[in-house]
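# Sequence and predicted structure, then a few things I'm wondering about:
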Amino acid sequence: ADETVVTRAVDGIPHRVLRTPAIDALERAGAARRLLLALRNARAFRAEAGTGWASMLREGWSMRRSQGAGIAQTLSAANTPMMLRAAMVEGRTDAGVMSAGQTVGAITDLPSCRELVHRTVEEARRAVAELPK
């Protein structure tokens, strides 16, 4: 739990994330650097989502009106999905964001997917076997 931080540096909304080099860099960066990153991520998000600039601008304008988001926050909206993807899908923690709740401190082991599935199946079998007949 000591290695998480609540930051607004990603897109202006508070996020609890693991402290990574990317978060440290975002928090040190000035507004101009964060805007540059937001524009780059918006371009990548547009390509990934298969949407046009007009659609993205309409969505941003809608977000701005409905949520009272500021211009910087609206422009940074593409940061979250792209930075989550970089860290959690591509494994690039140096370039991404790893969301984490406060319970992260309760994790005591990191089993492989195979071990986790096996453990879950065994626990389910035991639970079913203990059910009243």
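On my side now, so go ahead. Everything quoted here is computed from the prediction, not taken from an experiment. Residues are numbered from 1 along each chain as shown.
# For the rest of this, base every contact and every neighbour count on C-alpha atoms.
Noted.
# Name the helix or strand of the chain that has the lowest mean pLDDT.
helix 71-75 (a mean of 63; mean pLDDT, DSSP states H and E).
# The helix or strand following that one: how far from the chain's middle?
Sequence-wise, the next helix or strand downstream of helix 71-75 (DSSP states H and E) is helix 79-84. Relative to the centre of its chain, helix 79-84 is centred 6 Å away, using C-alpha atoms, centre = their mean, to the nearest Å.
# what's the pLDDT at the most centrally placed residue in the chain?
In the chain, the residue lying closest to the centroid (C-alpha atoms, centre = their mean) is Leu84, at 3.7 Å. Here the pLDDT value assigned to Leu84 is 78.
# and what of the one 5 residues further on?
Looking at Val89, its pLDDT is 84.
# Look up how far Gly101 lies from it.
Per C-alpha to C-alpha, to the nearest Å, Val89 is found 18 Å from Gly101.
# swap in Arg125?
29 Å.
# now do Leu39
28 Å.
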